[in-house]
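1. Got a sequence here, can you build the structure:
(2 chains)
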There are 2 protein chains.
Amino acid sequence: MRNLKLTIEYDGSRFNGWQRQTKTENTIQSKIENVLSLMTGEKIKIIASGRTDAGVHALNQIANFTTNSSMTSDKIRDYCNQYLPEDIVITEVEEVSERFHARYNAKSKQYLYRIWNTEYPTALYKGYSYYVPKQLDLKAMKKAVNYIIGSHDFSAFTSVKSKKKSYLREIYSIDFKKEGHFFDIMIHGNGFLHNMVRIIVGTLIEVGEGTRKPEDIERVLKGKIRSEAGPTAPAQGLFLFQVHYE
Amino acid sequence: MRNLKLTIEYDGSRFNGWQRQTKTENTIQSKIENVLSLMTGEKIKIIASGRTDAGVHALNQIANFTTNSSMTSDKIRDYCNQYLPEDIVITEVEEVSERFHARYNAKSKQYLYRIWNTEYPTALYKGYSYYVPKQLDLKAMKKAVNYIIGSHDFSAFTSVKSKKKSYLREIYSIDFKKEGHFFDIMIHGNGFLHNMVRIIVGTLIEVGEGTRKPEDIERVLKGKIRSEAGPTAPAQGLFLFQVHYE
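-> Numbering: from 1, shown residues only, chains lettered A, B, ... in the order given. Predicted coordinates:
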């Protein structure tokens, strides 16, 4: 059996998220598995680095699957791109060691969140950014970030709770970049809870708009209560940017 | 009467081009005129720097209209953005001299054409670029551009012909920029015939792919026959980038 690693770009707008569901075939995983199964004549199951929610995009989602097919990597990529919907593209297919597991081996992830930050909306990038008309205070946001970076219990920054799980995650960096009217936030961490990036961004936006003090983040983290953090920023601004492996 | 200048950004994907038509209201001009007429209670007619075809985008289309309304420029912009479809945005409203005419006073225009130039397509920018899998030869394209720059009869580079018209246009510059997998072409000229940018781009792509020699452009220009030039590159890669006034 060969173990193949896929690098995948997708526009999440039209899909019900990454993960295969029983009630709909309209997920990115289903679309890819169906094409690969057709191609190989095998029942292919792919393992992703993690799921993404409905409407979330990916520049470099990573997945792997095993197959007996002898097709070359480039042929597999081209076959997939021919039969997949236009908003899902396989950018690379690589043969990897049988031990490679896209989820278990992922060491860290980077997410990009794009804000359109000017007094009028965007016509061209509306599906790929979140419109915030008020000018964000970069200095205050940089200050807030200091409380988030590091290892913390992120209970306050997730929407789904279960007693068994650990909410401890480490955030390595949060960087800001302004480019034209885009205000980009890049978040790098060892792992993310459900909706964690979007709630961090929603909270940082409140700091940037001046309705929350940077120091307040410390209190929210310690309190571990979801409703004390900011709102969940909308899906269309979020991109899975990179998954890092050893 | 006040004369107001509009700066407009639009995603052309969904529309039947800029210009108002009798058989459909689905044009950018109609959408804007309808909102302005509702706002002012007057029958507003707007004059653009020029039309754009179905599927072509604009970053900074310029138009003007006259009105008796006393609303401030910012109020007009915000009203329009509230009632226009999401893929049309007024980015600026400015009061200008009564003599300003968006078409007659336009001195030059810049168009951007975006090519997605790598061996796999793009999921995220498919509506905003043209996919060319073969690596384009920048050196050959730069050589070809030398034959296009300057004043020429561009009969071979337009799809619509009439005996009365002049086909003389001046191209000031054609610049290339590679950014990631984007291969951008910026064309600046004093005016453009119908489909002229897209036919120039279609011809340059043939040069970049190696199926046409750079020197061949000279022969095509002199021959003045449309079929000797390359194909019309698709609309979704084209953006009206800037209109220059004195």
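2. which non-adjacent residue is nearest residue A:79?
-> residue A:39 (5.3 Å; C-beta to C-beta, 6 or more residues apart in numbering or on different chains). To be clear about C-beta, it is placed using only N, CA and C from the backbone, and glycine gets the same treatment.
3. Is residue A:242 bridged to anything, and to what?
-> As for beta bridges, residue A:242 partners with residue A:110 under DSSP bridges.
4. The residue lying farthest from the centre of chain A sits in which helix or strand?
-> Distance from the centre of chain A peaks at residue A:70, with 31.7 Å (C-alpha atoms, centre = their mean). Here residue A:70 is covered by no helix or strand, with elements defined by DSSP states H and E.
5. and the residue nearest to residue A:79, backbone torsions?
-> Note on residue A:39: its backbone torsions stand at phi -70, psi -40 [degrees, to the nearest 10].
6. next one: residue A:67
-> Residue A:67 has phi and psi values of phi -150, psi 160 when expressed as degrees, to the nearest 10.
7. that older thread, how many other residues sit next to the residue nearest to residue A:79?
-> The local packing of residue A:39 (other C-beta atoms under 10 Å in any protein chain shown) involves 18 other residues.
8. mind checking how far it is from chain B?
-> Residue A:39 is 16 Å from chain B, where distance means C-beta to the nearest C-beta, to the nearest Å.
9. For chain A, just list every one of the strands.
-> Applying DSSP state E to chain A gives strands spanning A:2-10, A:47-48, A:57-67, A:88-96, A:106-116, A:130-131, A:150-153, A:168-179, A:182-189, A:238-245.
10. and these as CSV, adding mean pLDDT and mean neighbour count?
-> As requested, the strands of chain A are arranged in CSV below (pLDDT from 0 to 100; neighbours: other C-beta atoms under 10 Å in any protein chain shown):
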stretch, mean pLDDT, mean neighbour count
strand A:2-10, 98, 21
strand A:47-48, 98, 20
strand A:57-67, 98, 22
strand A:88-96, 98, 18
strand A:106-116, 98, 20
strand A:130-131, 98, 20
strand A:150-153, 97, 14
strand A:168-179, 97, 14
strand A:182-189, 98, 20
strand A:238-245, 98, 21
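11. quick one: which of those is nearest residue B:161?
-> Residue B:161 lies closest to strand A:88-96 among the strands of chain A, at 39.7 Å (C-beta to C-beta).
12. partners of that closest one in the sheet?
-> Take DSSP bridges as the rule and strand A:88-96 pairs in its sheet with strand A:2-10 (antiparallel).
13. chain center to the partner strand: distance?
-> A distance of 16 Å separates the centroid of the chain from that of strand A:2-10, by C-alpha atoms, centre = their mean, to the nearest Å.
14. and it, C-alpha only, in PDB?
-> Listed next in PDB are the C-alpha coordinates belonging to strand A:2-10 (Å, rounded to 0.1, in the frame of the first residue of the first chain):
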ATOM      1  CA  ARG A   2       1.200   3.500  -0.800                       C
ATOM      2  CA  ASN A   3       0.500   6.400   1.600                       C
ATOM      3  CA  LEU A   4      -0.200   9.600  -0.300                       C
ATOM      4  CA  LYS A   5      -0.200  13.200   1.100                       C
ATOM      5  CA  LEU A   6      -2.500  15.800  -0.500                       C
ATOM      6  CA  THR A   7      -2.100  19.500  -0.300                       C
ATOM      7  CA  ILE A   8      -5.500  21.100  -0.900                       C
ATOM      8  CA  GLU A   9      -6.800  24.600  -1.600                       C
ATOM      9  CA  TYR A  10     -10.500  25.300  -1.300                       C
END
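15. Quick one: residues in contact with that strand.
-> Residues from elsewhere that reach strand A:2-10 (C-beta atoms under 8 Å, 6 or more residues apart in numbering or on different chains): A:28, A:32, A:46, A:57-69, A:73, A:76, A:87-98, A:100, A:102, B:122-124.
16. what residues does chain A put near chain B?
-> By C-beta under 8 Å from any C-beta of the partner chain, the residues of chain A that approach chain B are A:9-11, A:57, A:59, A:77-78, A:81, A:86-91, A:120-124, A:126, A:128.
17. Try it again at 6 Å.
-> Neighbours of chain B within chain A, by C-beta under 6 Å from any C-beta of the partner chain: A:9-11, A:81, A:86-89, A:91, A:120-121, A:123-124, A:126.
18. Between which two of those is the distance greatest?
-> Spanning the widest gap among the residues of chain A next to chain B are A:81 and A:120, at 36.1 Å by C-beta to C-beta.
19. gap between the closest residue to residue A:36 other than its chain neighbours and chain B?
-> Counting by C-beta to C-beta, 6+ apart, residue A:36 lies nearest to residue A:44, which is 4.1 Å off, once chain neighbours are set aside. Distance, residue A:44 to chain B, by C-beta to the nearest C-beta: 20 Å.
20. What of residue A:37?
-> Taken as C-beta to the nearest C-beta, the span from residue A:37 to chain B is 21 Å.
21. Residue A:44 is in contact with that residue, correct?
-> Yes. If you go by C-beta atoms under 6 Å, residue A:37 and residue A:44 touch, sitting 4.7 Å apart.
22. neighbour-wise, which of the two wins?
-> residue A:44 (19 against 15).
23. Per-residue pLDDT of that one, please?
-> The per-residue pLDDT reported for residue A:44 equals 98.
24. what sits against it?
-> A:33, A:36-37, A:65 (C-beta atoms under 6 Å, 6 or more residues apart in numbering or on different chains).
25. Looking at these, point me to the pair that's furthest apart.
-> Maximum pairwise distance among the contacts of residue A:44 (C-beta to C-beta): 9.9 Å, between A:37 and A:65.
26. And residue A:160, what's its pLDDT?
-> Taking residue A:160 on its own, its pLDDT is 77.
27. Can you check the pLDDT for the residue nearest to it when sequence neighbours are not counted?
-> The shortest distance from residue A:160 to any non-neighbouring residue, by C-beta to C-beta, 6+ apart, is to residue A:194 (4.5 Å). On the pLDDT scale, residue A:194 is placed at 94.
28. returning to what we had before: out of the strands of chain A, which comes closest to residue A:204?
-> Shortest distance between residue A:204 and the strands of chain A, using C-beta to C-beta, is found for strand A:182-189: 6.8 Å.
29. now the closest one against strand A:168-179, angle please.
-> If you take axes from the mean of the first three to the mean of the last three C-alpha atoms, to 10 degrees, strand A:182-189 sits at 160 degrees to strand A:168-179.
30. Could you tell me the angle between strand A:182-189 and strand A:238-245?
-> Strand A:182-189 and strand A:238-245 are oriented at 30 degrees to each other (the same axes, to 10 degrees).
31. Distance from strand A:182-189 to the middle of the chain?
-> Taking C-alpha atoms, centre = their mean, one finds strand A:182-189 lying 11 Å from the centre of the chain it belongs to.
32. Over to stretch A:80-100?
-> Put simply, stretch A:80-100 sits 18 Å off its chain's centre (C-alpha atoms, centre = their mean).
33. For it, output the C-alpha coordinates as PDB.
-> Extracted as PDB, the C-alpha positions of stretch A:80-100 are listed here (Å, rounded to 0.1, in the frame of the first residue of the first chain):
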ATOM      1  CA  CYS A  80      -8.600  15.100  -9.200                       C
ATOM      2  CA  ASN A  81      -8.500  18.600 -10.500                       C
ATOM      3  CA  GLN A  82     -10.300  17.500 -13.600                       C
ATOM      4  CA  TYR A  83     -13.200  15.900 -11.700                       C
ATOM      5  CA  LEU A  84     -13.400  17.900  -8.500                       C
ATOM      6  CA  PRO A  85     -15.700  21.000  -8.300                       C
ATOM      7  CA  GLU A  86     -13.800  24.100  -9.400                       C
ATOM      8  CA  ASP A  87     -13.700  25.400  -5.800                       C
ATOM      9  CA  ILE A  88     -11.500  22.500  -4.600                       C
ATOM     10  CA  VAL A  89      -8.000  22.100  -6.000                       C
ATOM     11  CA  ILE A  90      -5.300  19.600  -5.200                       C
ATOM     12  CA  THR A  91      -2.100  21.500  -5.400                       C
ATOM     13  CA  GLU A  92       0.300  18.700  -4.600                       C
ATOM     14  CA  VAL A  93       0.400  14.900  -4.300                       C
ATOM     15  CA  GLU A  94       3.400  13.400  -2.600                       C
ATOM     16  CA  GLU A  95       4.300   9.800  -1.700                       C
ATOM     17  CA  VAL A  96       5.100   9.700   2.000                       C
ATOM     18  CA  SER A  97       6.200   7.100   4.600                       C
ATOM     19  CA  GLU A  98       3.500   4.700   5.700                       C
ATOM     20  CA  ARG A  99       3.800   6.200   9.200                       C
ATOM     21  CA  PHE A 100       2.600   9.600   8.100                       C
END
